[in-house]
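Peer 1: Predicted model follows, preceded by the sequence.
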Amino acid sequence: MNVNSLKAEFFSRFGGEARVFRAPGRVNLIGEHTDYNDGFVLPAAIGFATYVAAANRDDRTIRVSSSDLDGEYRFDLDDQGSRVQGWAKYVQGVALLLESEGFRLGGADILITGDIPIGAGLSSSAALEVATGFALTQLAGLDIDGMRLARICQKAEHKFAGVRSGIMDQFASIFGRDGHALFLDCRSMEWSAVPVSSRFLICNTRTKHDLAEGEYNKRRAECESAAAFFGKPTLRDVTVEDLERRSTEMPEIERRRARHVIYENRRVLDSVKALRSGDIAAFARLIDASHHSLRDDFQVSCRELDVMVEAAKRQPGVLAARMTGGGFGGCVIALMEEDAPPSIADLISAEYFAETGVMPEFYERRITGGVRELRERRRDLPEA
């Protein structure tokens with residue numbers, strides 16, 4: 001990202017000098033659909049990001065446009081009832097919720113760009129929320145701890161985008177660390193950094209089925225129903241023993257959803273142990289098991305994801321592969337041997353295209369740090 005070019009574009013649109021902020025996307029190594037069940041996740045921030053160029057205004061208006069997407073939008077910080085449409089709803093949601101929680105913002109001109117592939121399941125929406133929230137608080141001279149900002153951004157996704165997401169995406173975009181995955185307990189919000197030296201190839205199916213958002217909310221409701229069957233607040237509170245003892249009494253759908261979440265939580269814990277001990281073979285087995293569970297029990301995979309997973313696993317140098325993200329399209333993450341040849345992407349691509357007629361995209365990105373202002377002296381969020 002050329003910061004000077006973004007500042008120049010901002011000047012041509014709005015006039016004045018802008019400050020530039022960056023929030024990364026994320027890939028989830030393992031722990032899918034567990035975050036909204038108060039479970040465990042293991043995401044990592046990656047070298048794709050949303051960039052926000054912003055400057056203060058003298059009024060209480062937010063004016064926002066994008067280098068990549070159509071439309072310029074305006075809204076008033078004093079009008080909590082107004083709603084903008086399209087991608088700007090994420091910006092408005094974060095701004096109005098910051099205001100409603102006592103953070104007095106000023107008006108701002110905002111220009112947004114980024115390189116996170118849209119619809120790939122790499123958390124472009126969370127990165128937009130985090131970059132915007134961080135930029136607005138910094139422009140106003142306000143301090144906000146990272147976890148509180150993550151919760152406000154998550155709430156914006158719920159209220160303004162209608163997606164009942166967990167907190168993993170926003171958390172990873174804020175707290176990302178170079179070379180480390182983030183082991184997060186989504187109930188206590190306690191977390192630790194886990195060193196990761198393995199190579200990962202992100203394989204974008206370049207498909208996204210329209211039912212994704214509706215099915216996401218449906219899965220959450222099914223998990224809540226399954227937890228209620230056991231008399232528990234969430235599936236985090238249901239043990240493997242509980243499930244095995246009473247699974248035959250449950251409706252089929254709730255049994256499948258519970259089985260995925262309960263065993264996926266165990267897989268995250270086992271993955272952390274494997275990574276910390278350097279047991280990559282064990283980690284690979286857990287990755288494969290996670291995809292099978294997402295496909296068969298949680299039923300959020302799709303033909304394109306399954307074709308991509310199998311194509312990746314057939315290649316020499318690939319140890320395991322699984323879908324990553326909410327499902328119904330998006331990306332597969334492939335765990336590779338350290339000396340895996342660069343031709344792997346071409347081999348997977350040929351097989352995938354032959355099966356689907358879609359030309360995929362591939363990215364090998366390093367694991368990066370979280371949200372920050374792009375300037376010589378780095379100022380990050382304080383860690384809660």
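Peer 2: Thanks, I have the structure now. Numbering: from 1, shown residues only.

Peer 1: remind me which residues of the stretch 251-384 of the chain are low pLDDT?
Peer 2: Counting by pLDDT under 70, the stretch 251-384 of the chain shows low-confidence ranges at 376-384.

Peer 1: Going along the chain, name the strands of it.
Peer 2: Along the stretch 251-384 of the chain, the segments classed as strands by DSSP state E, counting those that start in this stretch run 318-324, 329-336, 361-363, 372-373.

Peer 1: Between the ones you listed, which one is closest to V3.
Peer 2: Nearest to V3 among the strands of the stretch 251-384 of the chain is strand 372-373 (10.4 Å), distances taken as Cβ to Cβ. Quick note: C-beta positions are derived from backbone N, CA and C, even for glycine.

Peer 1: in its sheet, what does the closest one sit against?
Peer 2: Strand pairing for strand 372-373, using DSSP bridges, gives strand 19-30 (antiparallel).

Peer 1: Follow the chain on from the strand it pairs with and name the next helix or strand.
Peer 2: Using DSSP states H and E, the next helix or strand after strand 19-30 towards the C-terminus is strand 40-56.

Peer 1: what's the angle from that following strand to strand 318-324?
Peer 2: 60 degrees (axes from the mean of the first three to the mean of the last three Cα atoms, to 10 degrees).

Peer 1: still on that earlier bit, need the strands of the stretch 251-384 of the chain in TSV (columns: mean neighbour count and distance to I167).
Peer 2: Formatted as TSV, the strands of the stretch 251-384 of the chain follow (neighbours: other Cβ atoms under 10 Å; distance: least, Cβ to Cβ, whole Å):
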stretch	mean neighbour count	distance to I167
strand 318-324	25	17
strand 329-336	26	19
strand 361-363	17	24
strand 372-373	18	20
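
Peer 1: Nearest to T50, out of the ones you listed?
Peer 2: strand 372-373 (12.3 Å).

Peer 1: And stretch 156-172, end to end?
Peer 2: 16 Å (Cα to Cα, to the nearest Å).

Peer 1: Distance from the chain centre to that stretch, please.
Peer 2: 9 Å (Cα atoms, centre = their mean, to the nearest Å).

Peer 1: List the contacts of the nearest residue to D178 once chain neighbours are set aside.
Peer 2: Excluding the flanking residues, the one nearest D178 by Cβ to Cβ, 6 or more residues apart in numbering is G369, at 5.2 Å. By Cβ atoms under 8 Å, 6 or more residues apart in numbering, the residues touching G369 are P24, A45, G176, R177, D178, D380.

Peer 1: Sort those by pLDDT and name the bottom one.
Peer 2: Lowest in pLDDT among the contacts of G369 is D380, which has 54.

Peer 1: And for the nearest residue to A131 once chain neighbours are set aside, the neighbour number?
Peer 2: Among residues not flanking A131 along the chain, A23 sits closest, at 3.7 Å (Cβ to Cβ, 6+ apart). Using other Cβ atoms under 10 Å, A23 has 32 other residues around it.

Peer 1: partner residues bridging A23?
Peer 2: T50.

Peer 1: circling back to that earlier point, would you mind putting the strands of the stretch 251-384 of the chain into TSV with distance to A311 alongside?
Peer 2: Shown next, in TSV, are the strands of the stretch 251-384 of the chain (distance: least, Cβ to Cβ, whole Å):
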stretch	distance to A311
strand 318-324	9
strand 329-336	9
strand 361-363	12
strand 372-373	36
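
Peer 1: D143 is nearest to which of these?
Peer 2: strand 372-373 (13.4 Å).

Peer 1: returning to what we had before: dihedrals phi and psi, the residue nearest to D178?
Peer 2: Dihedral pair for G369: phi -80, psi 170, per degrees, to the nearest 10.

Peer 1: mind checking how far it is from Y51?
Peer 2: 15 Å (Cβ to Cβ, to the nearest Å).

Peer 1: go on, N217?
Peer 2: From N217 to Y51 the distance is 30 Å (Cβ to Cβ).

Peer 1: who's more crowded, those two?
Peer 2: Y51 (22 against 13).

Peer 1: got the contact list for the more buried one?
Peer 2: M1, V3, L6, V20, F21, R22, I112, T113, G114, A131, L374.

Peer 1: Not counting its neighbours along the chain, what's nearest G327?
Peer 2: V300 (2.9 Å).

Peer 1: contacting residues around the one you found?
Peer 2: V300 touches E32, H33, E215, R219, L294, M323, G326, G327, F328, counting by Cβ under 8 Å, 6+ apart.

Peer 1: for the chain, what spans make up the helices?
Peer 2: 3-14, 88-100, 124-139, 146-161, 168-175, 212-229, 240-246, 252-277, 280-296, 303-313, 344-356 (DSSP state H).

Peer 1: correct me, but S124 touches G114?
Peer 2: Yes: S124 is in contact with G114 according to Cβ atoms under 8 Å; the separation is 7.0 Å.

Peer 1: Now do the shared contacts for the two.
Peer 2: Taking Cβ under 8 Å, 6+ apart as the contact rule, S124 and G114 both touch T50.

Peer 1: check contacts around the spatially closest residue to P341 that is not a sequence neighbour.
Peer 2: Distance criterion Cβ to Cβ, 6+ apart; nearest residue to P341, sequence neighbours excluded, is G317 at 6.0 Å. Taking Cβ under 8 Å, 6+ apart as the criterion, G317 is in contact with M336, E337, D339, A340, P341, I344.

Peer 1: And for G86?
Peer 2: Applying Cβ under 8 Å, 6+ apart, we find G86 in contact with L69, G71, Y73.

Peer 1: Quick check: of the contacts of V300, which lies closest to L201?
Peer 2: M323 (13.6 Å).

Peer 1: Quickly list what that closest one is bridged to.
Peer 2: Under the criterion used (DSSP bridges), M323 bridges to V332.

Peer 1: Please report how far it lies from S301.
Peer 2: Distance from M323 to S301, by Cβ to Cβ: 5 Å.
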